[in-house]
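Colleague: Just need the structure, nothing else, for what follows:
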Amino acid sequence: MKKLIITLLLVHICCAGFSQRLLFYVQNVDSLKHELSTAKNDTSRAAILNILCWSYRSINPDSSLLLGQQALTISRKAKYPVGEADALIILSFTHLQFNNPLKALELSLKGLKVAEKNNINSRKAWALERVGIAYRELKNYPAAFNYLNLAKSLFENDKDSMMVVTIQYQLGLTYFAMNKLDSAYYYAQLVFDRSEKLKIPWLRSNHYEILAKAYEKKGNFNEAISLLKVVLSISNENVYANYSIANLYRQVKRPDSTIYYAERALEFAQKHRSYSQIIECATLLSGIYEKTNPQKTIEYNRIAISFQDSLINSNVANGMKNQLSFDEQERQYETETVQAEYRNKIKLYALLAGLGVFITVGLLLYRNNRQKHKANKILETTLTNLKSTQSQLIQSEKMASLGELTAGIAHEIQNPLNFVNNFSEVNKEMLAEMREEIEKKKFDEVSSIAKDVEENEEKIIYHGKRADAIVKSMLQHSRSSNNKKEATDINALCDEYLRLSYHGLRAKDNSFNATMKTDFDESIGNINIIPQDIGRVILNLINNAFYVVDEKKKSGIENYEPTVLVSTKKSNGKVEIKVADNGNGIPQKILDKIFQPFFTTKPTGQGTGLGLSLSYDIVKAHGGELKVETKEGEGSEFIIQLPV
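Modeller: A predicted model of the protein is given here:
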């Protein structure tokens with residue numbers, strides 16, 4: 001029976017309104033103390049102490065701290081996680097009474113950890129709510145919303161409608177604290193609608209209190225007063241509502257109404273033994289009477305000072321003393337916990353180490369026995385596979401490069417072919433016309449047409465040779481390298497691959513567009529290189545440059561013009577080929593990895609990670625260097641240095 005009573009009281013902690021909870025516990029403190037004196041086990045004592053801790057948190061916070069500490073100590077000794085979580089969470093309430101949100105946050109996080117470790121969902125949700133409220137008091141509103149919404153989800157999963165509405169009320173207060181009044185109104189309306197369905201008067205009061213605060217902030221004092229009077233119609237002894245109405249009447253210069261509601265607020269605060277509210281109400285009345293009735297001013301001032309001294313000397317001083325004692329207990333508990341965990345870990349590690357040594361020795365003996373028979377065979381197979389894989393990957397990368405050229409070649413060759421086709425069509429028509437003129441024996445016209453046909457044939461021959469030259473040039477890239485260096489016009493090679501790369505990408509994606517710029521040093525002339533290999537390097541760098549500027553453009557940056565610059569320069573016995581872009585640059589953390597095989601920043605399926613690695617090897621084989629200069633957010637520049 002006692003356990004049932006304690007359980008019901010704990011449920012009441014979560015569900016009752018402030019004024020109802022306060023009055024309920026003040027009236028039942030004596031019976032709870034009697035239950036405590038007759039409790040037969042530690043779990044019951046811890047549960048009752050937690051309820052008493054809750055009861056005293058507003059009227060006597062120092063006693064609340066002492067009771068909560070006792071509940072926490074007993075729960076830990078009895079290994080009673082529910083009691084431990086309750087004590088930590090309720091103590092966090094008490095520390096908010098001391099205006100210490102940091103300590104409240106620390107304790108509620110500890111309570112959350114206990115609830116999560118022991119899978120106590122009801123306490124976990126309650127702890128999440130308290131963490132959210134503590135963060136709100138610390139003005140960390142994003143964290144407050146995060147924890148309050150987590151608590152709301154848990155309460156919704158448990159179908160705890162009462163606490164869901166309570167969380168909505170706390171969310172409304174958080175929006176109000178941020179001065180987001182529209183959102184505060186929204187949650188106030190949610191609280192009101194739910195309170196009507198659930199028939200919970202104190203939640204209706206919360207709804208009107210939020211709206212009243214909002215109207216007061218907007219300077220609409222009369223509307224705020226009307227809403228607070230609705231609160232009084234629900235709970236006549238609501239100290240906050242009476243005090244707020246008095247304060248609002250004072251601002252609209254209605255002294256009689258101010259005095260009436262202030263005296264009511266003081267009366268109910270004294271009845272409920274709420275020291276902080278007594279001080280606020282007495283101070284308000286002292287100020288009201290300051291000019292009209294000095295005697296009253298002195299009287300109320302004496303009440304405020306008296307309760308302030310009492311609060312400071314009793315609650316705060318003892319609370320600080322209790323807090324110091326509590327902090328010392330917590331440090332000792334945490335030290336003991338850490339030491340116990342450390343000892344357990346040492347034992348576990350020693351056991352695992354011994355077992356590991358035994359297993360390792362057995363495995364080594366077994367492995368060594370088999371290794372003699374398999375080592376050579378495995379090594380031979382592995383080397384063969386590696387060589388085969390390496391050849392396949394390099395060929396795959398070369399074929400991918402050739403495939404990217406195909407679309408560009410098609411575009412380049414299409415132009416002369418169009419001329420050939422067009423002039424052939426014209427000649428066909430002109431020959432038909434010539435036949436007609438011959439039949440009519442108009443030989444002057446026949447001669448003129450024949451001359452035009454001859455001119456068209458010359459153009460067909462010219463553009464046919466253009467197409468032939470393009471095909472021969474491209475075959476130089478498509479065939480395998482013979483590793484023989486040839487005198488090559490590096491400027492022409494760069495210009496050719498710049499255009500082919502651009503048209504190839506345009507063929508794959510017609511939305512692609514970029515500005516191409518060149519700056520060639522005409523004094524370079526021909527240099528001895530393997531054109532197929534250096535061509536692959538240049539093509540790879542240009543393709544990469546077009547890719548990064550296109551990605552930056554797709555990110556939606558305004559007034560951004562994607563640009564790729566290819567330049568050449570002869571200096572100090574070397575030829576420099578630069579491929580620069582105005583993309584996003586290369587982050588410093590990956591700059592050292594870009595020439596490593598298989599490293600790529602492209603999405604899966606869009607790059608093998610071999611392009612830059614092979615390019616680096618090709619340039620090194622030519623006795624040159626491949627370097628990169630980059631600046632995040634502004635672009636990159638790849639530099640090929642080749643000996644003349």
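
Colleague: Let me see the ranges of the strands in the protein.
Modeller: According to DSSP state E, the chain carries its strands in the segments 486-489, 515-519, 526-529, 563-571, 574-581, 625-631, 635-643.

Colleague: could you redo these as JSON lines and give each row mean pLDDT, distance to L431 and mean neighbour count?
Modeller: Using the backbone N, CA and C atoms, a C-beta is placed for each residue, glycine as well. Formatted as JSON lines, the entries for the strands of the chain read as follows, by pLDDT from 0 to 100; distance: least, CB to CB, whole Å; neighbours: other CB atoms under 10 Å:
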{"stretch": "strand 486-489", "mean pLDDT": "89", "distance to L431": "41", "mean neighbour count": "14"}
{"stretch": "strand 515-519", "mean pLDDT": "92", "distance to L431": "42", "mean neighbour count": "13"}
{"stretch": "strand 526-529", "mean pLDDT": "89", "distance to L431": "45", "mean neighbour count": "17"}
{"stretch": "strand 563-571", "mean pLDDT": "93", "distance to L431": "46", "mean neighbour count": "18"}
{"stretch": "strand 574-581", "mean pLDDT": "94", "distance to L431": "50", "mean neighbour count": "21"}
{"stretch": "strand 625-631", "mean pLDDT": "91", "distance to L431": "57", "mean neighbour count": "16"}
{"stretch": "strand 635-643", "mean pLDDT": "93", "distance to L431": "53", "mean neighbour count": "20"}
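
Colleague: closest one to V537 among those?
Modeller: Using CB to CB as the criterion, the shortest distance between V537 and these is 6.5 Å, found for strand 635-643.

Colleague: Output the closest one in CSV, but only the C-alpha positions, please.
Modeller: Written as CSV, here are the backbone C-alpha positions of strand 635-643 (Å, rounded to 0.1, in the frame of the first residue of the first chain):
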residue,chain,number,x,y,z
GLY,A,635,41.2,28.1,-57.6
SER,A,636,44.2,25.9,-58.5
GLU,A,637,47.1,25.9,-60.9
PHE,A,638,48.9,22.7,-62.1
ILE,A,639,52.4,23.3,-63.5
ILE,A,640,54.3,20.9,-65.8
GLN,A,641,58.0,21.7,-66.0
LEU,A,642,59.9,19.9,-68.9
PRO,A,643,63.5,20.2,-69.8
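
Colleague: Touching it from outside, list them.
Modeller: Defining contact as CB atoms under 8 Å, 6 or more residues apart in numbering, one finds that strand 635-643 is touched by 527, 529, 534, 537-538, 541, 544-545, 548, 573-586, 619, 622-630.

Colleague: Swap in 7 Å and give it another go.
Modeller: Counting contacts by CB atoms under 7 Å, 6 or more residues apart in numbering, the residues outside strand 635-643 that touch it are 527, 529, 537, 541, 573-583, 585-586, 619, 622-630.

Colleague: And stretch 110-125, by the same measure?
Modeller: Outside of stretch 110-125, the residues within contact range by CB under 7 Å, 6+ apart are 81-82, 84-86, 88-89, 92, 127-128, 131, 151, 154-155, 158, 163.

Colleague: Buried subset of the residues you listed, written for PyMOL?
Modeller: Typed into PyMOL, the line below selects the buried ones among those, using 16 or more other CB atoms under 10 Å:
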select buried, resi 81+82+84+85+86+88+89+92+127+128+131+151+154+155+163
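
Colleague: Among the contacts of stretch 110-125, which are located in helices?
Modeller: Counting by DSSP state H, the contacts of stretch 110-125 place 81-82, 84-86, 88-89, 92, 127-128, 131, 151, 154-155, 163 in helices.

Colleague: Give me the neighbour count for A224.
Modeller: 25 (other CB atoms under 10 Å).

Colleague: Quick one: the helices in the stretch 101-250 of the chain, in order.
Modeller: Along the stretch 101-250 of the chain, the segments classed as helices by DSSP state H, counting those that start in this stretch run 101-117, 121-137, 141-157, 161-177, 181-198, 201-217, 221-234, 239-251.

Colleague: To E486, which of these lies closest?
Modeller: helix 141-157 (65.0 Å).

Colleague: could you check the angle helix 161-177 makes with that closest one?
Modeller: On the basis of axes from the mean of the first three to the mean of the last three CA atoms, to 10 degrees, helix 141-157 is oriented at 160 degrees to helix 161-177.

Colleague: same for helix 141-157, what does it pack against?
Modeller: Here helix 141-157 touches helix 121-137, helix 161-177, going by 3 or more CB pairs under 7 Å, 6 or more residues apart in numbering; DSSP states H and E.

Colleague: buried ones in that helix?
Modeller: Result for helix 141-157 [16+ other CB under 10 Å]: buried residues 141, 143-145, 147-148, 150-152, 154-155.

Colleague: repeat for stretch 427-445
Modeller: Across stretch 427-445, burial judged by 16+ other CB under 10 Å covers 427, 430, 434, 437.

Colleague: I'd say the last one and S447 touch.
Modeller: Okay, so that is E437. No - counting by CB atoms under 7 Å, no contact exists between E437 and S447, whose distance comes to 9.4 Å.

Colleague: Domains of the chain: list them as residue ranges, please.
Modeller: Domain ranges of the chain: 1-17+35-159, 339-478, 486-643, per automatic domain parsing.

Colleague: most distant residue from the middle of this structure?
Modeller: The centre of the chain is farthest from one residue, K441, which by CA atoms, centre = their mean lies 87.9 Å away.

Colleague: worst-scoring helix or strand of this structure, pLDDT-wise?
Modeller: Lowest on mean pLDDT, DSSP states H and E among the helices and strands of the chain sits helix 2-15, with a mean of 39.

Colleague: need the contact list for the nearest residue in space to S523 that is not next to it in sequence.
Modeller: Closest residue to S523 in three dimensions, ignoring its sequence neighbours and counting by CB to CB, 6 or more residues apart in numbering: K570, at 5.9 Å. Taking CB under 7 Å, 6+ apart as the contact definition, K570 lies against 521, 523-524.

Colleague: what's the most buried one of the helices and strands packed on helix 141-157?
Modeller: Between the helices and strands packed on helix 141-157, the one whose residues have the most neighbours on average, counting mean count of other CB atoms under 10 Å, is helix 121-137 (a mean of 23).

Colleague: now the angle from that helix to helix 141-157?
Modeller: Taking the same axes, to 10 degrees, one finds helix 121-137 and helix 141-157 inclined to each other by 160 degrees.

Colleague: Kindly provide the distance from the closest residue to L417 other than its chain neighbours to N421.
Modeller: Residue nearest to L417 in three dimensions, not counting chain neighbours: A467, with 5.8 Å by CB to CB, 6+ apart. Summarising the geometry, the distance separating A467 from N421, computed by CB to CB, to the nearest Å, is 11 Å.

Colleague: who's more crowded, those two?
Modeller: A467 (17 against 12).

Colleague: While we're on A400, how confident is the model there?
Modeller: Looking at A400, its pLDDT is 54.

Colleague: should've said V26
Modeller: In the predicted model, V26 carries a pLDDT score of 44.

Colleague: N100 now?
Modeller: pLDDT, the model's per-residue confidence, is 83 for N100.

Colleague: Quick one: neighbours of it, just the number.
Modeller: Every residue meeting other CB under 10 Å relative to N100 is counted, giving 18.

Colleague: ditto for D509
Modeller: Neighbour count of D509, defined by other CB under 10 Å: 9.
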